[in-house]
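Enquirer: kindly return the folded structure for what I paste below:
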Amino acid sequence: MRLRLWMLRAILAVRPASLGALAKRLLGIRRTTIDTGHGRYWIDPASNLGYALLANGDYEPKMRAALRVYLKPGGVFVDLGANEGYFTVQAAALAGPAGRVFAVEPQTRLLPIIAENLRLNGCTGVTVVPEAVSDRIGRAALHLCPDVNSGGSGLARTTRYRVPTETVPTVTLADIFARFGIESADLTKIDIEGYEYEAVLGSPRIFEQGKVRALALELHPLQLAARGRSPDAIHAFLKSCGYRQSPDFGGAVWLAP
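Expert: Got it, this is the predicted structure:
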C-alpha cells in the first residue's frame, strides 16, 4: 500500500494534469469501492478525492464537520458543486428519510458516479440536478479538467492549457429554490470554481430573505480576480443581508440573521 500511495501521489503531481490522467490509464488504474467511517464510495484512486480517502480516510474534514453541526434529521441541504456526491451521501444520512438533499452537478461524466455512490449508501430523499449555477438561465460551456481533479471543472477555465468543454444548462440558485419548492435550506454548500459570485449575487432575494440559513462558501480568489470579480463584494453583500461568519470552520460558514 505504501508503494501504491507513492505511485498515486506521483500521478497527481504530474503537470499538465492531462499527462497524469494519461499515465493513470496506461497503468490500468480503475475505480474501486472503499469503506470509510462515513459511507461507501466508488472512487478513482488517482484523483484528489480518491487519494485523500485512501491515504487519510477523510476529505475536507471542516466541511464534514459543518454538515454535522447544521444539518439535522428532516433538514434540507443544497450542494452546489456536488462533484461525485461525497458530501451529498453524508447529508442524506444526516437528514434522514424526512430530509431533502439536492446534488447540483453539471458534469455528465460524473452523474453515473453520483448515482452509484447514492446506491452504495442506500440514500433516499436525494434529487440530482444536472445543471450549472450562474446568474442567468440559459446554456454555457463547462470547462472539464482532467479526471485526476474533476472538481476543478467550471464555467471559467482554470488551466493555462485548453481542456475539453461540454455545453450545459445554467440556472440560478433562486430558480432551484422555486422549482423544487425549497422554502429554506438549513445548509447550502457553494464550491463552483469562481462562479460563487454569480451564485450568490445572481439570486439576491434568497439571501435578503434568509432562505439559506447556513452557507458553506468556498471562495476562489484567483479565478474571481481573473474575471474581474472580488471576494470582498460577496462578503459585503452577505453582511448587508445580515449574515455573519461563524467563528468555526475558518470563517467559511455564514449564518443567516
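Enquirer: quick one, what contacts the spatially most central residue of the chain?
Expert: By CA atoms, centre = their mean, the chain has its centre lying nearest to residue 81, at 3.0 Å. Counting by CB atoms under 8 Å, 6 or more residues apart in numbering, residue 81 touches 104-105, 151, 189-193, 218. For the C-beta atoms, the positions are set from N, CA and C on the backbone; glycine is no exception.
Enquirer: narrow these to those in strands?
Expert: Mapping the contacts of residue 81 onto strands (DSSP state E) picks out 104, 189-190.
Enquirer: from those, which is closest to residue 12?
Expert: Among these, residue 189 lies closest to residue 12 (CB to CB), at 23.5 Å.
Enquirer: name the element the nearest residue to that closest one once chain neighbours are set aside belongs to?
Expert: Excluding the flanking residues, the one nearest residue 189 by CB to CB, 6 or more residues apart in numbering is residue 216, at 4.4 Å. Taking DSSP states H and E as the definition, residue 216 sits inside strand 214-217.
Enquirer: which strands or helices does that strand pack on?
Expert: Contact here means 3 or more CB pairs under 8 Å, 6 or more residues apart in numbering; DSSP states H and E; on that basis strand 214-217 packs against helix 61-70, strand 187-190, strand 253-255.
Enquirer: which one of these lies nearest to residue 41?
Expert: helix 61-70 (13.0 Å).
Enquirer: buried ones in the closest one, by neighbour count?
Expert: 63, 66-67, 70 (16 or more other CB atoms under 10 Å).
Enquirer: again with stretch 203-214
Expert: Of all the residues in stretch 203-214, those buried under the rule 16+ other CB under 10 Å are 203, 206-207, 211-214.
Enquirer: and if you look at stretch 162-181?
Expert: Neighbour-count burial for stretch 162-181, counted by 16+ other CB under 10 Å, picks out 163, 168, 170-177.
Enquirer: list the contacts of the strand holding residue 216.
Expert: Residues from elsewhere that reach strand 214-217 (CB under 8 Å, 6+ apart): 63, 66, 70, 186-190, 196, 200, 207, 234, 238, 243, 246, 249, 252-256.
Enquirer: now this protein, which segments are flagged as low pLDDT?
Expert: For the chain, the stretches with pLDDT under 70 are 1-3.
Enquirer: residue 251 and residue 64, how far apart?
Expert: 17 Å (CB to CB, to the nearest Å).
Enquirer: what does residue 58 give?
Expert: 7 Å.
Enquirer: again with residue 52
Expert: From residue 52 to residue 64 the distance is 12 Å (CB to CB).
Enquirer: helices and strands around the helix or strand hosting residue 90, which ones?
Expert: Per DSSP H and E, residue 90 falls inside helix 86-95. Secondary-structure packing of helix 86-95 (3+ CB pairs under 8 Å, 6+ apart): strand 39-43, helix 61-70, strand 76-80, strand 100-104, helix 111-120.
Enquirer: circling back: shared neighbours of residue 52 and residue 64, anything?
Expert: Common neighbours of residue 52 and residue 64 (CB under 8 Å, 6+ apart) are residue 58.
Enquirer: just how off-centre is the longest helix anywhere in the chain within its chain?
Expert: Longest helix of the chain, by residue count under DSSP state H: helix 2-13. Its chain's C-alpha centre and that of helix 2-13 lie 24 Å apart, by CA atoms, centre = their mean, to the nearest Å.
Enquirer: buried ones in that helix?
Expert: By 16+ other CB under 10 Å, the buried positions in helix 2-13 come out as 7-8, 11-12.
Enquirer: of those residues, which is the nearest to residue 21?
Expert: residue 11 (8.3 Å).
Enquirer: so who does that closest one touch?
Expert: By CB under 8 Å, 6+ apart, residue 11 lies in contact with 20, 23-24, 27, 29, 46, 148.
Enquirer: farthest-apart pair in these, please.
Expert: Maximum distance among the contacts of residue 11 (CB to CB): 12.4 Å, for 27 and 148.
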